[in-house]
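Q: Sequence first, then the predicted structure:
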Amino acid sequence: MKKNNSNENNIIPTEQLLPSKLVIIPLQGRPIFPGIFTPLMISASDDIHAIEEAYENDGFIGIVMLKNEVESPTVADLYRVGTAARVIKKVNLPDGGLNVFISTVKRFRIRKALHQSSPMAAAVEYLEEEEADSFEVKALTRALISEMKEVSENNPLFSEEMRLNMVNIDNPGKIADFIASILNVDRAEQQKILELTNVRQRMEQVLVFIKKEQELLRVQKKIQMEINDRVEKNQREYFLREELKSIQDELGETPDGNDTDYQKFKKKISELNFEGEIKETVESELSKLSMMEPNSSEWIVTRNYLELICQLPWRDTPSCDFNLSDAKKVLEKDHFGLDDVKKRIIEYLAVRKMKNDSKGSILLLVGPPGVGKTSVGKSIANAMNKPFYRFSVGGMRDEAEIKGHRRTYIGAMPGKIIQGLKITKSISPVFMIDEIDKMGSSHNGDPASALLEVLDPEQNVSFRDSYLDLPFDVSNVFFILTANTLDSIPTPLLDRAEIIQLSGYIDQEKLEIAKKYLIPKNLEKNGLKKNQVKYTKNALLQIAEEYARESGVRNYEKALDKIHRKIVTELVTKEEVDAGQKEVGAEKTVQNSSVTEKSEVLEPILIDTPDLFKYLGKPVFDESEIKTANVPGTAIGLAWTSMGGDTLLIEATAFAGKGGLVLTGQMGDVMKESSQIAFDWARKFVVDRKIRKPDWFDKNIVHLHIPEGATPKDGPSAGITMATTFVSLLTGKTIKPHLAMTGELSLTGQVLPIGGLREKTVAAKRNKIKTIIIPKANERDLEDIPEIVKKGITFIPVTNVMEVLHEALKINLK
């Protein structure tokens, strides 16, 4: 017994046995405070081996939290302060891992790293707690225990064992550590508490976190009570409604005795005689509506859905009720020119009439802005006696605009197709989809792909809108698409449509359109009487040539609008001045008369060419400067732009240098390639003809320029023009006067076909051109050019650039 007592008196505290060097185990989660007994899972093989060695020796390890989660941590990735722990027990796991039970003892700070990577080891110094005033610490201890009791009573996650442990701990610092370890605090904040050695500061910081937890619990409790009250209220209302239905059944009344939405929908749906999937879905939604509270959001969503179903033309019958001669009259009345377009539309309608085919079709109208694509669509609808619905997809980036939004939230809507059917109340309307070449795509989907299903005859028999989520037959819809260019339209979309090209108007056509449509419409718009303003033919032509040269007539109409606004301003100003000079009395009624009433006694206002500068200002397009190629190294080409046709004066010069070709004039990539081809061909030509020696090109730089450098230019159609310019420079010859040309050049000298010949010819005629060299393959396009435009111009078709040089520079073919 004496021996035993002696041993008991010589027991050494654990803290005095702590080694100065520790194996460091990195923690991914939260830090572990001293005085905690907890299990620890170890998976890294190096760490397992290190722990087993420590267990066999003194059993101590260091636990330190990682600053950030990394795959292969080093000592540099760890915080500097951790906790020393003793391994009490270890259990080997089947997967090769290790489960150890540790008892944490004391804080330490890493003094020096002994082994940087796994297994990490470090020399440490142990941190002693800084004791504070015992009276303040005692007060803080009571406050911590009291506040924590309130938290634990309102939080079911705190077990009874935790509450007992908290009461039985007698050390103030350990109480703060224990509470910090069980609070839901951010890991970085817990690390800060671990690093605090001053007991008072540690307890104050923990008290702050307890207060935050209490506030969070109060808010949580309030939200829970509100939810419970709401659920109880809904349950009570549900049981009351069920009781009301039972009473009404006993009395022989319907659940909705009044003329409610339910009764209206039920009546309409029964008249539609749905079958299969549609019937099941509609009856299910109707049943839901009868059980819902009218003030709830779900009731509104279901009601809107049923209202859409009742408004769609499920039982409408498609027809081909139109007369071909009437259709011709409508097209002629609404549009001047566009003979090819009208002809193709009439042929198309004739086929539908012959087959008595009510199935929808797809037309794609392609042309520059302002040529009447949208108005042609309206005329087709009028000619077929069908309702017309138009929407634009320009800039659209969400496929839900086409196929609708899913009915999962308030405010969800069907797509444009279903909306159009609802508005037109017809199963076979005319739909115009504008600007399909300007659609985009985003994370919300691709509208162009969504259109494929709508426009595919094999799929649109059972088109399924995401909002409606029922099959609907849209195969009878006549789709008319519009675009300015085909380049940006997906090929699968083009395959589904019949393409009709609308070329621009020539000046004479613009004159007729202005007289028949634009002037009467704009006079009425500005409050002027018919024939109150008259224009000479020369004035209308000059507006087209100098103020509105684009392919369409929008700028032309704007110019007329500007003239009429200024005329109205002059009339009103003059009337006010005259009225101010009149005597008060019977003549006073005259001063209150409208502009149109006053102007009836006036002579019509005649607008001639000299008046255009007064009303429209300086010409936008200067016709005083005619482009001429009257020196060697120049040639005139023809180009097509969005504004219509135009002439290009191409210039070239040479100067001493290290050789090469310089290009200026803001050319696009395609035009740059064409200029290189033209230069290489011309270089080979003059060397073969011994006009220039090969070394001349090594000693001189050739510079090609296209004036109006601020305007971007691109395309291959200036190929033969650039080749002629180079040959003219190198031979010193000047091209034939009043001659222009257009055509793509191949590397072997072949002249390839181009587009926009009609617009280019109009531009050539405006520039006093007498002869135009064109590719042989474009001879067929001459039929599309009006005789009034071709009059006075000689067209020379060519197949090889040698023929071009022969006509332009009188160079022998051999």
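A: Arrived safely. Numbering: from 1, shown residues only.

Q: Run through the stretch 701-814 of the chain and note the low-pLDDT ranges.
A: 709-710, 814 (pLDDT under 70).

Q: Do a quick rundown of the helices in it.
A: 719-731, 757-766, 787-790, 801-809 (DSSP state H, counting those that start in this stretch).

Q: just these: most buried one?
A: helix 719-731 (a mean of 27; mean count of other C-beta atoms under 10 Å). The way it works is simple: take the backbone N, C-alpha and C, and place the C-beta from them, glycine included.

Q: Assign a three-state SS to Leu648, would you?
A: State at Leu648, reduced to three classes by DSSP: H, G, I helix; E, B strand; the rest coil: strand.

Q: With distance to Glu147 added, can I get the helices of the stretch 701-814 of the chain in TSV?
A: Formatted as TSV, those follow (distance: least, C-beta to C-beta, whole Å):
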stretch	distance to Glu147
helix 719-731	88
helix 757-766	86
helix 787-790	95
helix 801-809	96
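
Q: wait, Leu745 sits on Leu752?
A: Yes. The pair Leu745 and Leu752 passes the contact test of C-beta atoms under 8 Å, sitting 7.4 Å apart.

Q: Where does pLDDT dip in the stretch 151-300 of the chain?
A: Where the stretch 151-300 of the chain drops to pLDDT under 70, the residues are 153-170, 245, 248-249, 251-260.

Q: Identify the contacts common to Leu745 and Leu752.
A: Pro716, Gly719 (C-beta atoms under 8 Å, 6 or more residues apart in numbering).

Q: Let's check: the centremost residue of the chain is which one?
A: For the chain, the residue nearest the mean C-alpha position is Arg397 (3.7 Å; C-alpha atoms, centre = their mean).

Q: Helix, strand or coil: sort out it for me.
A: For Arg397, the assignment made with three-state DSSP gives coil.

Q: which phi and psi does it have?
A: phi -130, psi 0 (degrees, to the nearest 10).

Q: distance of it from Leu493?
A: As for Arg397, its distance to Leu493 is 16 Å (criterion: C-beta to C-beta, to the nearest Å).

Q: Also Glu545?
A: Taking C-beta to C-beta, one finds Glu545 at 38 Å from Leu493.

Q: So for these two, which sits in the more crowded spot?
A: Leu493 (21 against 16; other C-beta atoms under 10 Å).

Q: partners of the longest strand seen in the chain, with directions?
A: Looking across the chain with DSSP state E, the single longest strand is strand 98-115. Strand 98-115 pairs in its sheet with strand 37-42 (antiparallel), strand 81-92 (antiparallel), strand 120-126 (antiparallel), by DSSP bridges.

Q: Now do the same for that strand: mean pLDDT, whole number.
A: Average pLDDT, strand 98-115: 89.

Q: Check stretch 604-611 too.
A: 87.

Q: Residues in contact with it: which ones?
A: With C-beta under 8 Å, 6+ apart, stretch 604-611 has contacts from Asn531, Gln532, Val533, Lys534, Tyr535, Thr536, Asn538, Ala539, Gln542, Ile563, Ile567, Tyr615.

Q: got it, and stretch 289-304?
A: 234, 237, 241, 255-256, 261-262, 265, 285, 288, 306, 407, 410, 412.

Q: quick revisit: where's the residue nearest to the centre of the chain relative to Ser290, distance?
A: From Arg397 to Ser290 the distance is 40 Å (C-beta to C-beta).

Q: before we move on, the earlier item: now render the contacts of stretch 289-304 as TSV, adding neighbour count, secondary structure and distance to Pro73.
A: Converted to TSV, these look like this (neighbours: other C-beta atoms under 10 Å; DSSP: H, G, I helix; E, B strand; the rest coil; distance: C-beta to C-beta, whole Å):
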residue	neighbour count	secondary structure	distance to Pro73
Asn234	12	helix	52
Glu237	13	helix	58
Arg241	15	helix	62
Pro255	14	coil	68
Asp256	16	coil	69
Asp261	16	helix	65
Tyr262	21	helix	66
Phe265	21	helix	65
Glu285	18	helix	58
Lys288	15	helix	56
Leu306	22	helix	61
Arg407	18	coil	50
Ile410	10	coil	49
Ala412	16	coil	49
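
Q: which one among those residues gets closest to Lys422?
A: When the contacts of stretch 289-304 are compared for distance to Lys422 (C-beta to C-beta), Leu306 wins out at 13.1 Å.

Q: Excluding residues flanking it in the chain, which one is nearest the closest one?
A: Phe265 (4.8 Å; C-beta to C-beta, 6 or more residues apart in numbering).

Q: how close does the one you found get to Arg241?
A: Counting by C-beta to C-beta - Phe265 and Arg241 are separated by 18 Å.

Q: and Thr628, helix, strand or coil?
A: At Thr628, secondary structure determined by three-state DSSP is coil.

Q: what about it, how many neighbours?
A: Neighbours around Thr628, by other C-beta under 10 Å: 14.

Q: how far away is it from His705?
A: Distance of Thr628 to His705, computed by C-beta to C-beta: 16 Å.

Q: try Glu779
A: Plainly put, Glu779 is 32 Å away from His705 if you go by C-beta to C-beta.
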